[in-house]
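**Student:** fold the stuff below for me.
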Amino acid sequence: MSIAQTFIVTMTGSLGSKRFVIDGVQQPTIMMGKGLTYRFDVSDSSNTDTALRFSTTSDGTHAGGTIYSTGWFGNLGGGNPGAYVQMEVAADAPSPLYYFNLAEANGGGKANTDGWGRSYWSQADWGDTN
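**Tutor:** Numbers count the residues shown, from 1 in each chain. This next block holds a predicted model:
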């Protein structure tokens, strides 16, 4: 299984107001294509005492939702060298999913799973040379 994209995840803010920063952008909407595998590198020390999870509900368990675990895999705890969360997006995955911090509310964002693996909507298709 190959990784379609690796996202670098850090946290900003202090305890009680931590927010995910993905690839340098605070709480962005990310795009994940169905049938592809994504890795979220949570090895940065700012991820200590946090846990990136997914839900079909915005803000996950903090808003009465449940953890979406289909295709999810975690390696070590956040803030440790080599730590990551991996998501293989199922062909029937709902869109959107929401990433959230299991440890505290309001730190996550949206993950569209119908974006064909693009990191943003105007990006060219894979193999497109234009």
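**Student:** now for the residue nearest in space to the middle of the chain: which residues touch it?
**Tutor:** Using C-alpha atoms, centre = their mean, the residue of the chain that lies closest to the mean C-alpha position is Y99, 5.1 Å off. Applying C-beta atoms under 8 Å, 6 or more residues apart in numbering, one finds that Y99 lies in contact with F20, I30, F40, L52, R53, F54, G108, G109, K110, A111. In this view, the C-beta of every residue, glycine as well, is placed from N, C-alpha and C.
**Student:** surely F7 meets I30?
**Tutor:** Yes: shown here, F7 and I30 form a contact pair, counting by C-beta atoms under 8 Å, at 6.7 Å.
**Student:** mutual contacts of these two, please.
**Tutor:** Any residue near both F7 and I30 by C-beta under 8 Å, 6+ apart counts here, and that gives I22.
**Student:** show me which residues of the helix-or-strand element of the chain with minimal mean pLDDT are buried.
**Tutor:** Here the helix or strand of the chain ranked lowest by mean pLDDT, DSSP states H and E is strand 72-75, holding a mean of 92. Buried positions in strand 72-75, judged by neighbour count with 16 or more other C-beta atoms under 10 Å: G74.
**Student:** for stretch 58-71, same thing?
**Tutor:** For stretch 58-71, burial by neighbour count (16+ other C-beta under 10 Å) applies to S58, D59, G60, H62, G65, Y68.
**Student:** hmm, the fifth one is touching S55, no?
**Tutor:** Spelled out, it's G65. Yes: between G65 and S55 there is a contact under C-beta under 8 Å: 4.3 Å.
**Student:** quick check: neighbours shared by these two?
**Tutor:** Y98.
**Student:** give the contact list for T29.
**Tutor:** P96, G109, K110, A111, N112.
**Student:** gap between the helix or strand that contains the third one and the chain center?
**Tutor:** Spelled out, it's K110. Using DSSP states H and E, K110 falls within strand 109-112. The chain centre lies 8 Å from the centre of strand 109-112; the measure is C-alpha atoms, centre = their mean, to the nearest Å.
**Student:** can you check which strand is longest in the chain?
**Tutor:** Secondary structure of the chain per DSSP state E: the longest strand is strand 5-12.
**Student:** cool, thanks, signing off.
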